[in-house]
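In: What would the 3D arrangement of this be:
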Amino acid sequence: MEELFSPFVTPETARSVRDQFGTPAYVYSEAVLRRQAREALAFPAPFGLCVRFAIKACPNAAILRLLSGMGLSFDASSGYEAERLLMAGIPGSRISLSSQETPANLRALVESGVRYDACSLHQLEAYGSLFPGTALSIRINPGLGSGHSNRTNVGGPSSSFGIWHEKLPQVLETAGRYNLRLEVLHSHIGSGADPEVWARVAAMNLETLRLLPEVTTLNMGGGFKVARVAGEKQANLQKIGAKVAKALEDFARETGRKIALEIEPGTFLAAQMGALVATVQDLADTGAEGRRFLKLDTGMTEILRPSLYGAQHGIRLYPQKDTGRTAEYLVAGHCCESGDMLTPAPGDPEGLLARTLPEAAIGDLCVIEGAGAYCAAMPAKNYNSFPEAPEVLLRSDGSLQLVRRRQSLAQMIENELPPSEV
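Out: All right, here's what the predicted structure looks like:
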């Protein structure tokens with residue numbers, strides 16, 4: 001897996017980004033994104049495959065359009081995300097909406113071609129009252145999940161996502177009352193890399209399919225884990241897919257039903273394509289027996305995952321002057337918040353683990369890797385009134401293209417209303 005960790009943001013690229021756009025700035029590699037998309041599109045599926053990008057990972061329109069051009073469809077996790085896709089020029093017919101909150105504009109979205117995935121009995125009732133006699137998708141919680149923490153596990157008894165599998169009789173009663181056709185079964189278990197877990201969930205879903213004779217497509221969601229740093233386990237889509245494909249083939253031989261497959265990767269497609277370019281803006285220490293801190297001009301306002309999950313990201317320091325020496329640093333963010341640390345202990349946001357980096361000086365460039373998914377899309381936005389960072393696309397030809405401008409302070413406060421004068 002060495003190739004996964006070869007930096008696409010070289011010192012020269014990092015300097016060009018800072019010179020043209022300032023720091024902090026996200027950089028997305030078109031080449032890496034295309035590589036990951038090709039791998040997802042090769043997922044084994046004997047009776048048809050649809051790959052949907054979960055746009056919550058990185059909803060920038062430039063990324064959406066690149067993936068659309070490669071033939072991918074899309075998964076929206078809110079009505080707003082579905083609207084965002086439509087605004088980016090994605091046809092409604094290529095959008096599936098699976099949300100915790102029932103959109104206020106559900107009628108308009110469905111009429112634009114968006115496929116609705118009912119994730120609760122209430123949502124099924126709401127859809128049926130608006131669109132009796134039509135087809136939709138239904139999300140079932142199969143009773144099993146997989147993820148690196150409880151915060152990323154969206155299946156099993158501790159998850160509110162989907163309709164609990166034991167409530168299927170109520171699903172069928174509601175569908176019958178509104179003459180609804182349940183054509184897609186959606187069952188998302190969360191972030192994981194274990195092929196055996198995916199095989200067990202596929203088997204559980206196929207048992208559910210026996211009770212849903214009109215279903216023609218199984219959507220197994222996403223959450224295929226990627227390695228952001230050396231030593232992390234990465235999902236092998238061919239191995240996972242082989243297990244799922246065998247289950248589908250066995251089901252077809254037994255029942256005569258050839259079930260198409262959908263997957264919804266977000267992290268897998270986007271995580272490794274992104275990096276965050278920052279500048280060392282200060283250095284600190286807590287004495288001879290204490291710790292050394294490297295302070296950046298970025299932090300939880302651009303990358304919340306370390307503070308939230310104890311997530312690990314590769315960190316590269318590009319010194320202006322290489323002394324040949326290294327030091328142990330805790331890397332701190334720029335927010336007035338003790339939890340704004342980029343070097344937590346693995347899986348423990350309360351713990352800290354120093355990184356060995358080249359000896360640093362103020363003004364050095366620092367690149368945080370694996371920042372393409374759930375970073376620009378999921379920050380502590382505008383905390384301490386820091387503006388949103390720009391997003392830059394590193395094209396396959398090596399050129400840099402701005403795909404989101406840096407936010408201004410005026411834009412940050414433009415929706416605030418002054419109090420009435422007394």
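In: okay, which residue is most central for the protein?
Out: When the chain is reduced to its mean C-alpha position, the nearest residue by Cα atoms, centre = their mean turns out to be residue 57, at 2.8 Å.
In: contacting residues around it?
Out: When contacts are counted by Cβ atoms under 8 Å, 6 or more residues apart in numbering, residue 57 touches 266-267, 269-271, 372-374, 377. In short, each C-beta sits where N, CA and C put it, glycine included.
In: any idea of the pLDDT on it?
Out: Taken from the predicted model, the pLDDT recorded for residue 57 is 97.
In: With residue 124 as the reference, measure out to the residue nearest to it when sequence neighbours are not counted.
Out: Closest residue to residue 57 in three dimensions, ignoring its sequence neighbours and counting by Cβ to Cβ, 6 or more residues apart in numbering: residue 266, at 3.2 Å. To residue 124, residue 266 is 25 Å away according to Cβ to Cβ, to the nearest Å.
In: Neighbour count for these two, which is higher?
Out: Under the criterion of other Cβ atoms under 10 Å, the comparison of residue 266 against residue 124 puts residue 266 first, with 26 against 23.
In: send the alpha carbons of the lowest-mean-pLDDT helix or strand in the chain over as CSV?
Out: The helix or strand with the lowest mean pLDDT-type score in the chain, counting by mean pLDDT, DSSP states H and E, is helix 195-209 (a mean of 88). Once non-C-alpha atoms are left out, helix 195-209 reads as follows in CSV (Å, rounded to 0.1, in the frame of the first residue of the first chain):
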residue,chain,number,x,y,z
PRO,A,195,-15.4,-8.9,4.0
GLU,A,196,-17.0,-11.4,6.4
VAL,A,197,-19.1,-8.7,8.0
TRP,A,198,-20.3,-7.6,4.6
ALA,A,199,-21.0,-11.2,3.6
ARG,A,200,-23.1,-11.7,6.7
VAL,A,201,-25.1,-8.5,6.1
ALA,A,202,-25.6,-9.5,2.4
ALA,A,203,-27.0,-12.8,3.6
MET,A,204,-29.3,-11.1,6.1
ASN,A,205,-30.5,-8.7,3.4
LEU,A,206,-31.2,-11.5,1.0
GLU,A,207,-33.4,-13.2,3.7
THR,A,208,-35.3,-9.9,3.9
LEU,A,209,-35.7,-9.9,0.1
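In: Centre of the chain to that helix, how far?
Out: 23 Å (Cα atoms, centre = their mean, to the nearest Å).
In: Contacts for it next, please.
Out: 140, 142-144, 146, 155, 165, 168, 185, 187, 189, 192, 215, 218, 220, 236, 239-240, 242-244, 246-248, 251, 257, 259.
In: quick one: buried residues of that helix?
Out: Using 16 or more other Cβ atoms under 10 Å as the burial criterion, the residues of helix 195-209 that qualify are 195, 197-202, 204-206, 208-209.
In: Tell me the first helix or strand C-terminal of the strand ranked longest in the chain.
Out: Of all the segments of type strand in the chain, defined by DSSP state E, the longest one is strand 274-285. Under the assignment DSSP states H and E, the closest C-terminal helix or strand after strand 274-285 is strand 292-296.
In: Now do the next helix or strand after that following strand, average pLDDT.
Out: Counting by DSSP H and E, the next helix or strand C-terminal to strand 292-296 is helix 305-309. The average pLDDT within helix 305-309 is 95.
In: Check the secondary structure at the closest residue to residue 317 other than its chain neighbours for me.
Out: The spatial neighbour of residue 317 that comes closest, neighbours along the chain excluded (Cβ to Cβ, 6+ apart), is residue 357 at 4.5 Å. Here residue 357 is strand, with the state taken from DSSP: H, G, I helix; E, B strand; the rest coil.
In: circling back to that earlier point, Serialize the contacts of residue 57 to a markdown table and add fields for pLDDT, secondary structure and distance to residue 177.
Out: Output for the contacts of residue 57, formatted as a markdown table (pLDDT from 0 to 100; DSSP: H, G, I helix; E, B strand; the rest coil; distance: Cβ to Cβ, whole Å):
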| residue | pLDDT | secondary structure | distance to residue 177 |
| --- | --- | --- | --- |
| 266 | 96 | coil | 35 |
| 267 | 94 | helix | 38 |
| 269 | 97 | helix | 39 |
| 270 | 97 | helix | 40 |
| 271 | 96 | helix | 43 |
| 372 | 97 | coil | 44 |
| 373 | 97 | coil | 40 |
| 374 | 97 | coil | 39 |
| 377 | 97 | coil | 38 |
